[in-house]
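In: I'll drop the sequence and a predicted model, then ask my questions.
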Amino acid sequence: MSLRFGRPAAALAGGVLVALSMPPWGFWPLAIVGVAVFEYALGDEPSRRKRALYGLAFGAGWFYPAMAWMWFLTAPGYLVTAMLFAGFHAAAAAIAPTGPWRTIGRPAAHALVEAVRLVFPFGGVPVATLAIGQAGGPLLGLARVGGVVLIAWVVFQIGFALTGPAPAVPRLAAKRRPGASGQPHGMVALGAIVVLFVLAAVAPEGRDTGTTVRVAAVQGGGEQGTRALDVPSDLVTAAHVAATETITAADAVDLVVWPENAIDVDDEPFEGSRDYELVAEQAARLGVPFVVGVTEDSEFSRYPEPGRFVNAQVVVLPDGRVTDRYEKVQIVPFGEYVPLRGLLEAVGAPVDQVPSDAIPGRDPAVVSAPVGGRDVRLGTMISWEVFFGDRGQAAASPGADLLINPTNGASYTWTILQGQQVASSRLRAVEQGRWVVQVAPTGFSAFVSPGGDVHDRTGTREQAVIIRDVPLRSGSTWYHTVGDWPWVTALVLLLATAHLLPRRPR
């Protein structure tokens, strides 16, 4: 293959390798290999235009496979969004320095555009992030220090340092790459990574309080690849009632959690509806609180706005009282609301797939449920919110005892998104030092420990109830305390240093 086509092909292959590091494929070392292949494609290319082209190919190879689930949400949006994110890495490749300092500048530039995806566009679309592919690998522990931004930088830094300028160039490599010279930059960066691993090993990770809660997570089951408009909501609710009826007094549960959208009420408030009566009946039968996912018209919510709806998690006690609720803050673009609805409707886009827009709720992201004479504080991330580190912070900030992620992936065929969501629950558990209970109507449901271990994971489509004694925890991690901003600042400084230092006179 000629050099003209070989480098773009290598960059594309590097991106595909990064995609394969993520669930459902999940072979984490491929991300580092993919970045190393991308560095080989870039080399010391002096042309910004060509570097941008290689960056675009790298991003396309990464995002089109790893975001294929989005096709079922919005096919045009999938094509545009994946190309937009590939464009982010094209820009990073163009602005990063060449020469020996590229080993420092390129990881910083590409990690920075990953940080941008946490907040832009539409408030952030942090799916298929580099850190998601590392949830099953040894880099996961870094999350309690610097979250996904730090993990992304470490992956990029290792990959670029392995192929870029090195302290010593083996004779074989020198023959294949004439003019290659030894440089210390990569070794210094790898030394910094070793220091970070030491810090992660000693960093606080929260602590058990000595109290456990026996939690039942209910998965009603059903087909995937189905939209809410196609499946009557009463069938979904009935499936979760049927699954709940398999729980008996002998199971001795303290708390029952239903997933997002398990209940959808129209033209009436949840409390007093037929669905409410079904939940209250089960709560009375078992004598424990239920925390259930409810979609209802916003006029019945805490912050009414006619013509819109809210996505909430509601606490129902055994005596039938509805005592607490959390309304989802980070709502899904093109899933729960349509950005630029009027403009898109004018050009013929199928905005009727989302007939009305959700309104975002407000913090605190916690609900309380009385268990064993004390109020257990459940930090709540509804579905999409689990992809955001700051929503994990918000859920844990009111002193949450554990975290819950009621979700709904029934609209998506395959398991790309569902697998990435379990990986995101692992990241949030480590970042916040808390157990996470993830529960979905059609899978995956699971318990995730503060160390990121996954327990009792269900399959897709099956009806299941998973029960586990979950330790309540307290304390904070470093990431919970400081968040992303110190690491984003450090990346900006690294990129600036990589540009400015080579220009200084000797």
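Out: That came through fine. Just so it is clear, the structure is predicted and the values come from calculations on it, not from any experiment. Numbering: from 1, shown residues only.
In: And the strands in the stretch 101-250 of the chain?
Out: 205-219 (DSSP state E, counting those that start in this stretch).
In: now it, which segments are flagged as low pLDDT?
Out: Applying pLDDT under 70 to the stretch 101-250 of the chain flags the ranges 165-185, 228-229.
In: Please report how far residue 273 lies from residue 439.
Out: Distance, residue 273 to residue 439, by C-beta to C-beta, to the nearest Å: 21 Å. To be clear about C-beta, it is placed using only N, CA and C from the backbone, and glycine gets the same treatment.
In: hmm, I was thinking of residue 404
Out: Residue 404 sits 7 Å away from residue 439, going by C-beta to C-beta.
In: what's the overlap in contacts for the two?
Out: residue 257 (C-beta atoms under 8 Å, 6 or more residues apart in numbering).
In: Need the per-residue pLDDT for the spatially most central residue of the chain.
Out: The chain has residue 387 as the residue nearest its centroid, 2.3 Å off, counting by C-alpha atoms, centre = their mean. The per-residue pLDDT reported for residue 387 equals 97.
In: and after the strand or helix carrying residue 420, which helix or strand comes next?
Out: Under the criterion of DSSP states H and E, residue 420 resides in helix 416-432. For helix 416-432, the following helix or strand on the C-terminal side (DSSP H and E) is strand 436-439.
In: what's that next one packed up against?
Out: Here strand 436-439 touches strand 205-219, strand 402-406, helix 416-432, strand 446-448, going by 3 or more C-beta pairs under 8 Å, 6 or more residues apart in numbering; DSSP states H and E.
In: and the ones you listed as TSV, adding distance to residue 186 and mean neighbour count?
Out: Shown next, in TSV, are these (distance: least, C-beta to C-beta, whole Å; neighbours: other C-beta atoms under 10 Å):
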stretch	distance to residue 186	mean neighbour count
strand 205-219	30	19
strand 402-406	38	29
helix 416-432	27	27
strand 446-448	35	26
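In: In CSV: these, plus distance to residue 226.
Out: Converted to CSV, the helices and strands packed on strand 436-439 look like this (distance: least, C-beta to C-beta, whole Å):
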stretch, distance to residue 226
strand 205-219, 15
strand 402-406, 18
helix 416-432, 14
strand 446-448, 22
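In: Would you mind telling me which of the ones you listed is nearest residue 87?
Out: When the helices and strands packed on strand 436-439 are compared by C-beta to C-beta, helix 416-432 sits nearest residue 87, at 21.3 Å.
In: That closest one vs strand 402-406, what angle?
Out: Helix 416-432 and strand 402-406 are oriented at 170 degrees to each other (axes from the mean of the first three to the mean of the last three C-alpha atoms, to 10 degrees).
In: domain assignment for this protein?
Out: Using automatic domain parsing, the domain parsing of the chain gives 3-204+484-503, 209-471.
In: Let's have those in CSV, adding distance to residue 478.
Out: Output for the domains of the chain, formatted as CSV (distance: least, C-beta to C-beta, whole Å):
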stretch, distance to residue 478
domain 3-204+484-503, 5
domain 209-471, 10
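In: where are the low-confidence patches of the stretch 401-506 of the chain?
Out: Low-confidence segments of the stretch 401-506 of the chain (pLDDT under 70): 503-506.
In: Neighbour count for residue 273 and residue 439, which is higher?
Out: Comparing residue 273 with residue 439 by other C-beta atoms under 10 Å, the one with more neighbours is residue 439, at 32 against 18.
In: still on that earlier bit, could you double-check that the residue nearest to the centre of the chain lies in contact with residue 422?
Out: No - using C-beta atoms under 8 Å, residue 387 is not in contact with residue 422, being 11.6 Å away.
In: shared neighbours, these two?
Out: With C-beta under 8 Å, 6+ apart, residue 387 and residue 422 have no common neighbours.
In: Spit out the contact partners of the residue nearest to the centre of the chain.
Out: 126, 127, 129, 420, 421, 424.
In: of all the residues you listed, which comes closest to residue 431?
Out: The closest of those, once distances to residue 431 are taken by C-beta to C-beta, is residue 424, at 10.2 Å.
In: give the contact list for that closest one.
Out: Taking C-beta under 8 Å, 6+ apart as the test, what residue 424 contacts is 132, 135, 386, 387.
In: Tell me how far it lies from residue 269.
Out: 32 Å.
In: No further queries at this time; thank you.
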